[in-house]
Every structure is written in C-alpha cells, then in structure tokens.
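Trainee: My questions concern the predicted model and sequence given below.
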Amino acid sequence: GNSVTQMEGPVTLSEEAFLTINCTYTATGYPSLFWYVQYPGEGLQLLLKATKADDKGSNKGFEATYRKETTSFHLEKGSVQVSDSAVYFCALTTNTGNQFYFGTGTSLTVIP
Amino acid sequence: EPEVTQTPSHQVTQMGQEVILRCVPISNHLYFYWYRQILGQKVEFLVSFYNNEISEKSEIFDDQFSVERPDGSNFTLKIRSTKLEDSAMYFCASSRDNQETQYFGPGTRLLVL
C-alpha cells in the first residue's frame, strides 16, 4: 500500500542551524512527493514538491530530493530562521488515485 | 493569491448532533477533498469529489458522512450523528486537476462532547 513515515518531533534548533527532517515512503505506482508546512493558526501550505526520481524540489531555502533507491524525500535547510517554526508534513500521491497520504508531521521550533 | 477558506474555525457539538462543515475551494479548481487529523495522528483522507459526485472515499467515510456542492462555490461535509471519535481537525482541499497539487484550507476543529 501507500504510506509515509516521517521523523518524529518535536525538533528544536537554534537560529542558523542546519535542518534535516527525514521522510521515507512506500508506494504503488509512480508517486509524486510533497512537503507541506503549517504555520500556527493556518492551513497546510505547499512548500515544495518533486514528481519523479532524482528531481529536487526547492523553495524558501528548503530543498528535498526524490530518491527512488532509498524511497526517501528528506527535507533540508542550511540555515533556519525563527520564522521557520511550524509543523512540516511529508506527503505523497500516486498515479493510481487522487488522495494524498501524509506523514504524522514534525513540529519545528527555532529559537533565537 | 486565491486560497481555500473554511467555516467555522471551531465547532463544539453534543454527541448525536448533526454538524455541517463548510468550505469555499479556489474558484477555478475542479477537484475537492476532505481530510481529517485526530490529535496526534496522521492527516487522513476522507473523500474526493469531482463533477458533482464522489470519485474516491476511504473506509472512514461511512454512511454518517456526506458531501455536497450546493451551489457554485461551497463544498460541505455533513456528519449526520456525531460520535466522540469524530473529534478532529477537518481540512478541505481543492486542486485544478487530478493528481496535481492540492491547496488546503486552515481547517475546522470539531469537538464532540
């Protein structure tokens, strides 16, 4: 079946630290992979996506590479800011349906 | 930038009562979805809707649930007789096409007492 396993949080980092949030997946068909972010009091916002193997999605200094060989889509940022504090969700959809499959979310707090 | 909106932001109801959660998808989108997230658990798919009918639904979406697009802008989720375990955050989403990026609303937090 389809599922996403995401690094558990919460994660607390100092400003300018390096961030990695791990995400691995299992999927039937050919998945597209996404990272969504939820800021306090707001909805899920698309952060970045990749639709095929070896694609790199990037946005706002975040990036993630679609690794088919390790079935992973880890989120990275070289230098986090306080404004990056949010909950991050890894998700996939496949060409066999139209629903999204989400991970449990990872809460990130960045302290000055 | 267009966005998905949801009302109410919070709803408290008694067990057995009916609730209707409302969503206004992005205006040129054709596919509509409901998801829910029970506290501390994954975001779970409930149902997708296209061309005025359900295109896909999960096991969670039983006879207590229904969806409707009563006019050209609203998309509603009705829970006919709420149970304690229906307490969750409910997210509406829409997309322009199948398997494209889904855009989510801010959610409605439902508490069933």
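Mentor: Nice, I can see it. Numbering: from 1, shown residues only, chains lettered A, B, ... in the order given.
Trainee: Please make it C-alpha for all contacts and neighbour counts, starting now.
Mentor: Fine.
Trainee: what does stretch A:9-22 contact?
Mentor: Applying Cα atoms under 8 Å, 6 or more residues apart in numbering or on different chains, the contact partners of stretch A:9-22 are A:6-7, A:72-82, A:105-112.
Trainee: Now cross-check those against chain B and list the overlap.
Mentor: Subset of those in contact with chain B: A:Gly105, counting by Cα under 8 Å from any Cα of the partner chain.
Trainee: Give me the nearest residue to the residue in chain A positioned nearest to chain B, chain neighbours excluded.
Mentor: For chain A, the residue closest to chain B is A:Gly43, as judged by Cα to the nearest Cα, at 3.3 Å. Spatial nearest neighbour of A:Gly43, chain neighbours left out: B:Pro106 (3.3 Å); criterion: Cα to Cα, 6 or more residues apart in numbering or on different chains.
Trainee: neighbours around that neighbour, how many?
Mentor: 25 (other Cα atoms under 10 Å in any protein chain shown).
Trainee: what does the one 3 residues further on give?
Mentor: By the other Cα under 10 Å criterion, the neighbourhood of B:Arg109 contains 20 residues.
Trainee: OK, now which residue of chain B is nearest to chain A?
Mentor: For chain B, Cα to the nearest Cα, closest residue to chain A: B:Pro106, 3.3 Å.
Trainee: so which helix or strand takes in that residue?
Mentor: Assessed by DSSP states H and E, B:Pro106 sits outside every helix and strand.
Trainee: and it, what does it touch?
Mentor: A:41-44, B:4-6, B:9, B:91.
Trainee: Enumerate the residues of chain B near chain A.
Mentor: So chain B meets chain A at B:40-45, B:47-48, B:56, B:91, B:98-99, B:101, B:103-107 (Cα under 8 Å from any Cα).
Trainee: Pull out the buried members of those.
Mentor: B:42-45, B:47-48, B:56, B:91, B:98-99, B:101, B:103-107 (16 or more other Cα atoms under 10 Å in any protein chain shown).
Trainee: Among the residues you listed, which lie within strands?
Mentor: Counting by DSSP state E, these place B:43-45, B:47-48, B:56, B:91, B:103-104 in strands.
Trainee: would a markdown table of the residues you listed with distance to B:Leu111 and pLDDT be doable?
Mentor: Shown next, in a markdown table, are these (distance: Cα to Cα, whole Å; pLDDT from 0 to 100):
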| residue | distance to B:Leu111 | pLDDT |
| --- | --- | --- |
| B:Val43 | 17 | 89 |
| B:Glu44 | 17 | 92 |
| B:Phe45 | 19 | 93 |
| B:Val47 | 20 | 96 |
| B:Ser48 | 23 | 94 |
| B:Glu56 | 26 | 91 |
| B:Phe91 | 14 | 96 |
| B:Tyr103 | 24 | 91 |
| B:Phe104 | 20 | 92 |
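Trainee: Quick one: low-confidence residue ranges for chain A.
Mentor: Across chain A, residues meeting the criterion (pLDDT under 70) sit at A:97.
Trainee: next one: chain B
Mentor: In chain B, no residues with pLDDT under 70.
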